[in-house]
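Enquirer: generate coordinates for the sequence data below:
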Amino acid sequence: MSTFLARFFVVFALVFGTLFLLVWFYLSVTSPAQAAERAPETQTVTFEVRSLRVLMQYGGAHDFTVEVASTPDQLRQGLMHRTELAPNKGMLFVYKPPRTVGMWMKNTLISLDMLFADRLGRIIFIAENTQPMSEDIIQAPGRTAYVLEVPAGTVKQLSIGLGQRLTF
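Expert: Here you go, the predicted structure:
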């Protein structure tokens, strides 16, 4: 009986150890960090340019010219490797269907304000003055359909707040 148990545990350990290594290898190869490691000179990602308006809480609005990232390559590239972002410019990330979105600043050389919005364009979370080159994950609670990245300080300067809407 004891040799049966010993063989069982050895086979069990081998099978689940092998499965664990396969899953670990797969996740390490397909992680977002690997996608962000591509050299900027190999990137040929282009973005559609659109107008976007932030509707202010007590009337009025502020207009931005944004590059739209909606394809997997565009979403991966974002504003990485840029050395500046002019006032009233930004990047709009579009997630269809809405989902839990985690952003990071790896390979992003400038500080940004990030506005996370739901499917109706309502701002549900704001991350101000993000740290360039950081690998910390910035994540809004709940499902996100859009993330607007603008130059750091824009949120404070324009008094942008939760509940305001993005329209485009």
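Enquirer: okay, the residue most central in space within the chain and L109: tell me how far apart.
Expert: What sits nearest the mean C-alpha location of the chain, by CA atoms, centre = their mean, is M103, with 3.0 Å. Counting by CB to CB, to the nearest Å, the gap between M103 and L109 amounts to 15 Å. C-betas here are computed from N, CA, C, even on glycine.
Enquirer: and what of V150?
Expert: With distances defined as CB to CB, the gap from V150 to L109 amounts to 15 Å.
Enquirer: which stretches in the chain count as helices?
Expert: Taking DSSP state H to define them, one finds helices in the chain at 2-30, 32-36, 72-77, 154-158.
Enquirer: pull out the buried positions in the third one.
Expert: Under the neighbour-count criterion of 16 or more other CB atoms under 10 Å, helix 72-77 has Q74, L75, Q77 buried.
Enquirer: coming back round to it: of the helices of the chain, which shows the lowest average pLDDT?
Expert: The stretch with the lowest mean pLDDT among the helices of the chain is helix 32-36, at a mean of 42.
Enquirer: thinking again about what came up before, I figured the residue nearest to the centre of the chain hits V147, correct?
Expert: Yes: M103 is within contact range of V147, at 6.3 Å (criterion: CB atoms under 8 Å).
Enquirer: overlap of the contact sets of these two?
Expert: Common neighbours of M103 and V147 (criterion: CB atoms under 8 Å, 6 or more residues apart in numbering): F93, M114.
Enquirer: how is this structure partitioned into domains?
Expert: Each structural domain of the chain that the record assigns through automatic domain parsing is listed here as a residue range: 2-30, 42-167.
Enquirer: return the most buried member of these.
Expert: domain 42-167 (a mean of 16; mean count of other CB atoms under 10 Å).
Enquirer: surely Q57 is in contact with L158?
Expert: No: no contact is recorded between Q57 and L158 when judged using CB under 8 Å, the distance being 11.0 Å.
Enquirer: now do the shared contacts for these two.
Expert: Common neighbours of Q57 and L158 are not found (criterion: CB under 8 Å, 6+ apart).
Enquirer: can you measure across stretch 104-116, start residue to end residue?
Expert: Start and end residues of stretch 104-116 are separated by 13 Å (CA to CA, to the nearest Å).
Enquirer: which one of the domains of the chain has the lowest average pLDDT?
Expert: Across the domains of the chain, the stretch with the lowest average pLDDT is domain 2-30; it has a mean of 68.
Enquirer: so where's the longest strand in this protein?
Expert: strand 89-99 (DSSP state E).
Enquirer: how close does G163 get to L115?
Expert: Remark: distance between G163 and L115 (CB to CB) = 11 Å.
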